[in-house]
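My questions are about this predicted structure, shown below with the sequence.
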Amino acid sequence: METKKTYTLNSGSISDAFQKIIDWFQENKVSVTSKTGKEYIKLPFIIAFIVAILVPFALVIGIILALAFDINITFERISKKEKSVHDHKRC
């Protein structure tokens, strides 16, 4: 049996895609901690991404320092999706 999938691009689907990307960037954080749990840096992912793009050698130095000094680099996702409860009453 053959399945056909159709994708339509319009202003609504494009803006939804951009909104999902923005939400994903906002929901993710990067933190740098020691093995003992001391937190050195906690940044929104978008800031860490911009720094990595603008100053790529800082990213390389950060990775080398993390390996040398046994530091954890953690990516956290904080979901802000709300659960909605719909109460349907019949009259």
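Arrived safely, thanks for sending.

check which helix or strand covers residue 7.
For residue 7, there is no enclosing helix or strand under DSSP states H and E.

separation between it and residue 29?
32 Å (Cβ to Cβ, to the nearest Å). C-betas here are computed from N, CA, C, even on glycine.

Check residue 43 too.
Residue 43 is 7 Å from residue 29, where distance means Cβ to Cβ.

quick one: average confidence on the lengthiest helix in the chain?
Here the longest helix in the chain is taken by residue count, with DSSP state H as the criterion, and it is helix 11-27. Helix 11-27 shows a mean pLDDT of 85 in the predicted model.

Could I get the contacting residues of the residue nearest to the spatial centre of the chain?
The C-alpha lying nearest the average C-alpha coordinate of the chain belongs to residue 28 (Cα atoms, centre = their mean; 3.1 Å). When contacts are counted by Cβ atoms under 8 Å, 6 or more residues apart in numbering, residue 28 is found next to 44, 45, 75, 76, 77, 78.

in the sheet, who's paired with it?
When bridges are called by DSSP bridges, residue 28 pairs up with residue 77.

higher neighbour count, residue 43 and residue 29?
The neighbour comparison of residue 43 against residue 29 (other Cβ atoms under 10 Å) goes to residue 29, with 17 against 14.

low pLDDT regions in this protein?
80-91 (pLDDT under 70).

Could I get the full set of strands for the chain?
28-34, 39-44, 71-77 (DSSP state E).

Just the buried residues of the last one, please?
This points to strand 71-77. residue 71 (16 or more other Cβ atoms under 10 Å).

do the first one as well
Buried residues in strand 28-34, counted by 16+ other Cβ under 10 Å: 28, 29, 30, 32.

And residue 44, how close does it get to residue 72?
From residue 44 over to residue 72 (counting by Cβ to Cβ), the distance is 18 Å.

actually residue 4, sorry about that
Shown here: residue 4 relative to residue 72, a distance of 46 Å by Cβ to Cβ.
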